[in-house]
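A.B. asks: got a predicted structure here, sequence first:
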Number of protein chains: 2
Amino acid sequence: MLIDWKKIAWKIFEDIKKEVSRMSKKPALWALLVWDNSSSIRYIEQKKKWAEYVWIKFILKKLPEHVSENEILSTIESFNTDDNISGYIVQLPLPSHIDEKKIIKSISPKKDVDWFHPENQGKLMIWDKTWFSPCTPAWILELLKSTEIDYIWKQVVVIGRSNIVWKPITTLLINEGATVISCNSKTPNIRKFTIDADIVISAAWKPGLLTLDMIKKDAIVIDVWFTVIEWKIYGDADTHNMDLAWVKVTPVPGWVGPLTVAMLMKNTLKSWK
Amino acid sequence: MLIDWKKIAWKIFEDIKKEVSRMSKKPALWALLVWDNSSSIRYIEQKKKWAEYVWIKFILKKLPEHVSENEILSTIESFNTDDNISGYIVQLPLPSHIDEKKIIKSISPKKDVDWFHPENQGKLMIWDKTWFSPCTPAWILELLKSTEIDYIWKQVVVIGRSNIVWKPITTLLINEGATVISCNSKTPNIRKFTIDADIVISAAWKPGLLTLDMIKKDAIVIDVWFTVIEWKIYGDADTHNMDLAWVKVTPVPGWVGPLTVAMLMKNTLKSWK
């Protein structure tokens, strides 16, 4: 079976829209764009489109690419102190002359709807559910919930290497009570773990890493991200050769972008309230 | 083989002492004690003893048990703003009328040598090695290093349930490149994972949880904490019935207290520099 990302994303957007429609004062999401390269512009446009779809105002502040670090810091400071701004994002990457870590550190954790500040990462570790969630791991959880599998107490394999996806999804699922096996690209014999797993989550950026013989019947395979090789998009799972009566798998390319944006809107709504 | 905690702790203390002895201005560790119950007093005395052993000044500030939350917050604020104080601890637990989370949140992350503030927990997630380490997970790493096992790329099982030990040791070992299997008390058939593991770390507070038939030859078993039943101390590993030619295991009771304090002194030294 293919897991229908689109249906899940739509449901989240519709739920947010319904909630916002009842609010007399609509929430707003502010965005700071410093480097307007083509992919950053595409991401910003996608965020704007979906924010407006759910009636969240989207306010873009642009700074020129050659701006100084201090100018960025003082813009962020003005965002931090402005009571009208409940949540904002700083579109990454920043130009190479800027210290990205320093900028992230200057964002007020209370307004950090993108979940980049270390304090917010730490709140995940102590499982403070009242707080923002990391966007990608949060939709993975929504997706698992939608499959109605009882992921608590199950065996989950997470394959990856990133601070932004792999580690927080591991922590999130540990928090939820799952037995989590965290593999990385150097783990010898990943199959040993995947073959018994109820859920396999892959964010390894390795096309063809997961083949049907590595997955047990009725397991759920979530292919988090994708790799582009010669203009073609590949996931980590070799879905073309997978028997869809055997596994439940997310198709790649899928709706990973809108799902991530959906969770950003959820955080924005939280910051507003 | 029994792993010699004591030798490892001594080496850390001697290294710190050597470094401090070369400093013209000696570091200091400040401690705030609000509730002087017998076990808090014992912990404070142990910290004082070891701090003084390595020539770190130990300065205790006491507040009466019935103090208000605001008085504690203003004491902490004075610690945060005093340039003479580079690092301090707030001895937990606090009396029940105090919001412990709020107090922890008010500690400046830069002076939080006990590693309780969410921002410091988040820095572990992004593996910022320049920063403080969580005390218990840090000595587990020191202990693994002392056994000269190449824990990177190995299969490690971590059994537990706490925010302060289990989750950070999982994150720390993931950061270091190990394949980590995180089990909790409800994981069905833990043996399935332990039997193949090179390293088993248990912080489950379940005496007798690990028996010899669950461990492969030459594996390392680290029993993190202990349980007291009828005045007797038990670890999670049934060491009495373990063949010490088969496994390397930490004896319980061991030197877990001093090792944790040793890592606190390391953080104190870091805060001073």
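C.D. replies: Arrived safely. Everything numeric here is computed off the predicted structure, so don't read it as measured data.
A.B. asks: which residues touch the residue most central in space within chain A?
C.D. replies: Here the mean C-alpha position of chain A is nearest to the C-alpha of A:T136 (C-alpha atoms, centre = their mean), at a distance of 1.8 Å. Contact analysis of A:T136 by C-beta atoms under 8 Å, 6 or more residues apart in numbering or on different chains lists A:I164, A:V165, A:P168, A:I169, A:V224, A:V256, A:T260, A:M263. All C-beta atoms are positioned from the backbone trio N, CA, C, and that covers glycine.
A.B. asks: from those, pick the one nearest chain B.
C.D. replies: Nearest to chain B out of the contacts of A:T136 is A:P168 (C-beta to the nearest C-beta; 7.2 Å).
A.B. asks: that closest one against A:M125, yeah?
C.D. replies: No: A:P168 is beyond contact range of A:M125, at 9.2 Å (criterion: C-beta atoms under 8 Å).
A.B. asks: joint contacts of the two?
C.D. replies: Contact with both A:P168 and A:M125 is made by residues B:M125, according to C-beta under 8 Å, 6+ apart.
A.B. asks: hmm, back to that, out of the contacts of A:T136, which are close to chain B?
C.D. replies: Residues of the contacts of A:T136 in contact with chain B (C-beta under 8 Å from any C-beta of the partner chain): A:P168.
A.B. asks: ranking the contacts of A:T136 by neighbours, who comes first?
C.D. replies: Neighbours here are counted as other C-beta atoms under 10 Å in any protein chain shown. On that basis the top member of those is A:V224, with 28 neighbours.
A.B. asks: leaving out chain neighbours, which residue sits closest to that one?
C.D. replies: In space, not counting the residues next to it along the chain, A:V224 is nearest to A:A203; the distance is 4.0 Å by C-beta to C-beta, 6 or more residues apart in numbering or on different chains.
A.B. asks: list the contacts for the one you found?
C.D. replies: By C-beta under 8 Å, 6+ apart, the residues touching A:A203 are A:V158, A:I159, A:G160, A:R161, A:S162, A:V165, A:W166, A:I169, A:V224, A:W225, A:D236.
A.B. asks: 10 Å instead?
C.D. replies: A:136-137, A:140, A:158-162, A:164-166, A:169, A:222-225, A:236 (C-beta atoms under 10 Å, 6 or more residues apart in numbering or on different chains).
A.B. asks: now do A:K266
C.D. replies: For A:K266, the contacting residues are A:12-13, A:15-16, A:19, A:54, A:113, A:132-133, A:135, A:138-139, A:142, taking C-beta under 10 Å, 6+ apart as the criterion.
A.B. asks: got JSON lines for those residues, with pLDDT, distance to chain B and secondary structure too?
C.D. replies: Compiled in JSON lines, the contacts of A:K266 are given as follows (pLDDT from 0 to 100; distance: C-beta to the nearest C-beta, whole Å; DSSP: H, G, I helix; E, B strand; the rest coil):
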{"residue": "A:I12", "pLDDT": "92", "distance to chain B": "25", "secondary structure": "helix"}
{"residue": "A:F13", "pLDDT": "94", "distance to chain B": "29", "secondary structure": "helix"}
{"residue": "A:D15", "pLDDT": "93", "distance to chain B": "28", "secondary structure": "helix"}
{"residue": "A:I16", "pLDDT": "94", "distance to chain B": "26", "secondary structure": "helix"}
{"residue": "A:E19", "pLDDT": "94", "distance to chain B": "27", "secondary structure": "helix"}
{"residue": "A:V54", "pLDDT": "94", "distance to chain B": "28", "secondary structure": "coil"}
{"residue": "A:V113", "pLDDT": "94", "distance to chain B": "16", "secondary structure": "coil"}
{"residue": "A:F132", "pLDDT": "83", "distance to chain B": "12", "secondary structure": "coil"}
{"residue": "A:S133", "pLDDT": "85", "distance to chain B": "14", "secondary structure": "coil"}
{"residue": "A:C135", "pLDDT": "88", "distance to chain B": "15", "secondary structure": "helix"}
{"residue": "A:A138", "pLDDT": "89", "distance to chain B": "15", "secondary structure": "helix"}
{"residue": "A:W139", "pLDDT": "89", "distance to chain B": "19", "secondary structure": "helix"}
{"residue": "A:E142", "pLDDT": "87", "distance to chain B": "21", "secondary structure": "helix"}
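A.B. asks: among the residues you listed, name the buried ones.
C.D. replies: Those of the contacts of A:K266 that meet the buried threshold are A:I12, A:F13, A:I16, A:V54, A:V113, A:F132, A:S133, A:C135, A:A138, A:W139, A:E142, by 16 or more other C-beta atoms under 10 Å in any protein chain shown.
A.B. asks: now for these: which two are most distant?
C.D. replies: Distances among these were taken as C-beta to C-beta; the most separated pair is A:F13 and A:F132, at 18.0 Å.
A.B. asks: on that earlier part again, would you turn the contacts of A:T136 into JSON lines with secondary structure, distance to A:Y43 and pLDDT?
C.D. replies: Formatted as JSON lines, the contacts of A:T136 follow (DSSP: H, G, I helix; E, B strand; the rest coil; distance: C-beta to C-beta, whole Å; pLDDT from 0 to 100):
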{"residue": "A:I164", "secondary structure": "coil", "distance to A:Y43": "14", "pLDDT": "75"}
{"residue": "A:V165", "secondary structure": "coil", "distance to A:Y43": "16", "pLDDT": "80"}
{"residue": "A:P168", "secondary structure": "helix", "distance to A:Y43": "19", "pLDDT": "87"}
{"residue": "A:I169", "secondary structure": "helix", "distance to A:Y43": "21", "pLDDT": "89"}
{"residue": "A:V224", "secondary structure": "coil", "distance to A:Y43": "17", "pLDDT": "87"}
{"residue": "A:V256", "secondary structure": "helix", "distance to A:Y43": "12", "pLDDT": "80"}
{"residue": "A:T260", "secondary structure": "helix", "distance to A:Y43": "10", "pLDDT": "90"}
{"residue": "A:M263", "secondary structure": "helix", "distance to A:Y43": "14", "pLDDT": "92"}
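A.B. asks: show me the two of the contacts of A:T136 that sit farthest apart.
C.D. replies: For these, with distances taken as C-beta to C-beta, the pair at the greatest spread is A:P168 and A:V256 (15.6 Å).
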